[in-house]
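A structural model of the following input is requested.
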Amino acid sequence: MLPRFQVVLLAAAIVIICLLPADIQSTGAGQQPDDSVGIIRKEKPGRPKPPPGVLRAPLLALQWWVIIRSRDCRPQEFDSKAALAVDDMVRIGITVNQTGYLYAFNDSKTGDNCTLVYPDPRINRGNNLVRKDTPVILPNNCPSPEERDSDCPRDVNMASVCWWQITKYYKGDITLIFSRGKINQFEREIEKASSNPTGADSLPEIPRALLEKIKRETVLEQDLKTDQIRPQPSKMGTIINNFTTKVTNTNRRDNEEVIETITLKLQKR
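Modelled structure (predicted):
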């Protein structure tokens with residue numbers, strides 16, 4: 001039988017545990033702490049009206065990294081702060097921290113339009129719903145080469161080799177917009193291209209003025225927090241990426257989108 005003072009202490013401990021806030025949860029070994037916060041949904045022009053009330057969810061965030069094709073035609077990580085050379089071939093990898101809608105634009109600065117490179121209206125009717133922690137690799141739809149690259153080993157599947165090639169004329173940005181809801185202005189362009197009865201031969205062109213307008217309506221620059229993520233180990237314990245950038249919308253009262261503009265550098269000749 002426990003002494004009376006021990007019984008009193010045990011009862012007090014039980015009462016304290018019962019009074020703890022309901023949203024505080026213990027995390028065991030290997031579990032990630034709950035990073036959800038109270039978010040007040042904000043109605044914006046050209047978006048579906050969000051449900052009323054406070055949403056309990058993480059702050060919106062996306063991560064991106066650059067991949068370069070190595071000499072043996074295989075993907076290799078690349079420091080996005082370094083300069084690319086002419087004829088380098090690159091990809092952009094993206095993950096998001098919750099389910100939402102992703103739009104990506106290639107702005108070559110050569111005209112009044114920029115190209116919507118994701119989603120591709122030729123694939124699944126332009127569906128751009130992305131899942132949490134599921135990588136999206138851009139570009140994601142290239143025509144199969146007519147002949148095999150002589151530099152590539154035989155075990156490399158040429159049909160799946162999809163890259164952007166850097167030319168000496170390269171000058172531009174890649175803009176990423178990750179949104180909790182669909183952006184109607186972009187969706188109309190996607191639907192217009194995907195419903196073309198002759199098939200969409202090219203990706204939709206979006207007026208740069210429209211893109212800039214929507215960017216102004218999304219998130220303030222001072223609300224975006226950019227971090228360089230430390231090397232991430234895989235399940236096998238090996239490092240899988242040393243050069244990942246994370247962008248988070250820190251505003252709980254305006255947390256509908258994240259915007260990131262990627263500018264790849266070109267070596268001076």
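
please make it C-alpha for all contacts and neighbour counts, starting now.
Fine.

wait, what's in contact with the nearest residue to residue 132 once chain neighbours are set aside?
Excluding the flanking residues, the one nearest residue 132 by C-alpha to C-alpha, 6 or more residues apart in numbering is residue 98, at 4.2 Å. Contact analysis of residue 98 by C-alpha atoms under 8 Å, 6 or more residues apart in numbering lists 58, 60, 131, 132, 133.

just the buried residues from those, in ChimeraX please.
Restricted to buried positions by 16 or more other C-alpha atoms under 10 Å, the ChimeraX selection for the contacts of residue 98 reads:
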select :58,60,131
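
now the contacts of residue 98 as TSV including distance to residue 110, pLDDT and secondary structure?
Shown next, in TSV, are the contacts of residue 98 (distance: C-alpha to C-alpha, whole Å; pLDDT from 0 to 100; DSSP: H, G, I helix; E, B strand; the rest coil):
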residue	distance to residue 110	pLDDT	secondary structure
58	38	95	coil
60	32	96	coil
131	33	95	coil
132	34	94	coil
133	34	91	coil
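
okay, the contacts of residue 98 in CSV with distance to residue 246 next?
Shown next, in CSV, are these (distance: C-alpha to C-alpha, whole Å):
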residue, distance to residue 246
58, 14
60, 11
131, 17
132, 14
133, 13
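
farthest pair in the contacts of residue 98?
58 and 131 (14.1 Å; C-alpha to C-alpha).

just name the closest of the contacts of residue 98 to residue 256, please.
Nearest member of these to residue 256, counting by C-alpha to C-alpha, is residue 60, at 7.5 Å.

what's the distance between residue 95 and residue 37?
Distance of residue 95 to residue 37, computed by C-alpha to C-alpha, to the nearest Å: 20 Å.

okay, strands next: where are they in the stretch 101-250 of the chain?
Remark: strands assigned in the stretch 101-250 of the chain by DSSP state E, counting those that start in this stretch are 113-118, 129-130, 136-138, 164-165, 173-179, 205-207, 224-229, 232-233, 239-241, 244-249.
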